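K.L.:
can't give you the sequence, but here's the structure:
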């Protein structure tokens with residue numbers, strides 16, 4: 001249950017400017033479409049203005065520069081408006097303020113299995129059916145949900161939350177304040193084989209996975225251990241659901257990897273890169289800091305300066321857009337060319353018919369002349 005808060009207090013949380021009814025009581029956060037009286041919602045794009053007119057929300061967080069319908073911000077109306085530079089960031093702060101985080105009991109359930117050589121830190125919560133191996137370090141305030149399997153010699157930093165059915169293999173290192181969503185696999189062997197006599201022979205993987213502080217990993221993601229050395233996910237990186245991170249990959253700090261994207265073996269990205277949905281970084285490929293790789297793009301060559309790339313095989317975004325524009329122009333020209341060919345075919349058929357008729361007339365004329373000559377003779 002959320003305790004209602006005055007809108008002016010929420011405005012203080014965001015650092016924005018308030019207009020309209022500042023004494024509204026706000027007890028919920030919701031989308032424009034689903035909000036009800038007493039809720040607050042947010043608008044950060046013009047496309048949402050249509051939904052605004054039909055929304056039942058009592059208050060709105062609005063991005064600066066967006067023009068609302070006339071008189072919508074008058075104090076006499078029922079609404080309250082908080083103007084901010086970044087509506088999404090402000091709304092996140094409001095949600096965190098209104099909805100307190102879950103409080104865990106800091107206890108280890110008797111149904112959990114923890115090796116004697118592992119000593120969890122203070123206030124650690126472990127749910128039933130979790131299994132923790134030998135010589136592990138579990139930091140203070142960690143939370144381990146049911147069905148989690150943690151191998152031997154694993155290190156987990158404080159305040160990290162590991163959700164249900166995650167598998168963490170031996171010697172994995174996870175930093176502080178990480179969030180590992182359900183069904184993630186960390187530290188399984190990479191896809192490494194050599195061929196001998198027509199057979200695929202497995203290459204042993206002796207490395208591990210290192211996940212630095214403040215990393216979030218979405219459900220169903222798999223992160224392979226290194227063949228030698230470490231597969232590294234650097235601090236602040238956020239990985240979406242169903243992402244594949246192969247052996248010996250190095251993902252830089254504060255990267256984003258969207259759903260169903262992937263990093264092939266020994267791929268490397270530097271700080272601040274974004275990998276779009278279903279995009280991929282090829283084996284051994286390096287990507288410069290700040291690069292944005294659009295959805296469904298495959299990077300097979302090193303990117304040596306920050307840029308936006310797009311295309312089935314990655315190319316600079318402006319080059320890709322020009323190529324697409326040329327394709328559209330070509331398509332239009334092909335339509336016109338097709339129409340012109342049809343016209344020419346009609347003209348040719350008419351010309352052929354005309355020639356045939358003329359040829360028939362000539363033949364009849366010559367035949368008549370021949371008959372006339374024969375009769376005269």
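P.N.:
Received it, and whenever you're ready, just let me know what you need. Worth saying up front: this structure is predicted, and the values here are computed from it rather than measured. Numbers count the residues shown, from 1 in each chain.

K.L.:
May I ask you to confirm that residue 371 belongs to a helix?
P.N.:
Yes - assessed by DSSP: H, G, I helix; E, B strand; the rest coil, residue 371 belongs to a helix.

K.L.:
ok, now which ones touch it?
P.N.:
By C-beta atoms under 8 Å, 6 or more residues apart in numbering, residue 371 lies in contact with nothing. In short, each C-beta sits where N, CA and C put it, glycine included.

K.L.:
any chance you could map the helices in this structure?
P.N.:
7-14, 49-54, 87-98, 317-376 (DSSP state H).

K.L.:
quick one: contacts of the second one?
P.N.:
In other words, helix 49-54. Under C-beta under 8 Å, 6+ apart, the answer for helix 49-54 is 32-33, 43, 60, 66, 68-69, 72.

K.L.:
Looking at it now, give me its mean pLDDT.
P.N.:
Summarised as a single mean, pLDDT over helix 49-54 is 82.

K.L.:
Same check on stretch 200-220?
P.N.:
97.

K.L.:
okay, how far is it across that stretch, tip to tip?
P.N.:
27 Å (C-alpha to C-alpha, to the nearest Å).

K.L.:
one step back: dump the helices of the chain to a markdown table, plus distance to residue 185.
P.N.:
Shown next, in a markdown table, are these (distance: least, C-beta to C-beta, whole Å):
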| stretch | distance to residue 185 |
| --- | --- |
| helix 7-14 | 38 |
| helix 49-54 | 39 |
| helix 87-98 | 29 |
| helix 317-376 | 34 |
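
K.L.:
So residue 201 versus residue 193, what's the distance?
P.N.:
Here the distance between residue 201 and residue 193 works out to 6 Å (C-beta to C-beta, to the nearest Å).

K.L.:
ugh, typo on my part, it should be residue 200
P.N.:
4 Å.

K.L.:
cool, and residue 231?
P.N.:
Distance check for residue 231 against residue 193: by C-beta to C-beta, it reads 18 Å.

K.L.:
what about those two, which has more around it?
P.N.:
Taking other C-beta atoms under 10 Å, residue 231 and residue 193 do not tie; residue 231 has more neighbours (29 against 11).

K.L.:
so how many other residues sit close to the residue lying closest to that one once chain neighbours are set aside?
P.N.:
Leaving aside its chain neighbours, residue 231 sits nearest to residue 209 (4.8 Å; criterion: C-beta to C-beta, 6 or more residues apart in numbering). By the measure other C-beta under 10 Å, the count of residues near residue 209 is 25.

K.L.:
So residue 209 is in contact with residue 221, correct?
P.N.:
No - look at residue 209 against residue 221 with C-beta atoms under 8 Å: they stay out of range, at 11.6 Å.

K.L.:
one step back: take the contacts of helix 49-54 and keep only those in strands.
P.N.:
43, 60 (DSSP state E).

K.L.:
Which one (most neighbours) among the contacts of helix 49-54?
P.N.:
Ranked by neighbour count (other C-beta under 10 Å), these have residue 60 at the top, with 26 neighbours.

K.L.:
any idea how far it is from residue 14?
P.N.:
Taking C-beta to C-beta, one finds residue 60 at 12 Å from residue 14.

K.L.:
Which neighbours do those two have in common?
P.N.:
Common neighbours of residue 60 and residue 14 (C-beta under 8 Å, 6+ apart) are residue 82.

K.L.:
What's the separation between residue 242 and residue 20?
P.N.:
Counting by C-beta to C-beta - residue 242 and residue 20 are separated by 43 Å.

K.L.:
Could you do residue 360 as well?
P.N.:
With C-beta to C-beta as the criterion, residue 360 and residue 20 are 89 Å apart.

K.L.:
try residue 132
P.N.:
On the measure of C-beta to C-beta, residue 132 and residue 20 end up 53 Å apart.

K.L.:
which of these two has more neighbours?
P.N.:
residue 132 (23 against 20).

K.L.:
For that one, give me its contacts.
P.N.:
112-115, 118, 120, 126, 138, 144, 150, 154.

K.L.:
So which of those are in strands?
P.N.:
113-114, 120, 126, 138, 144, 150.
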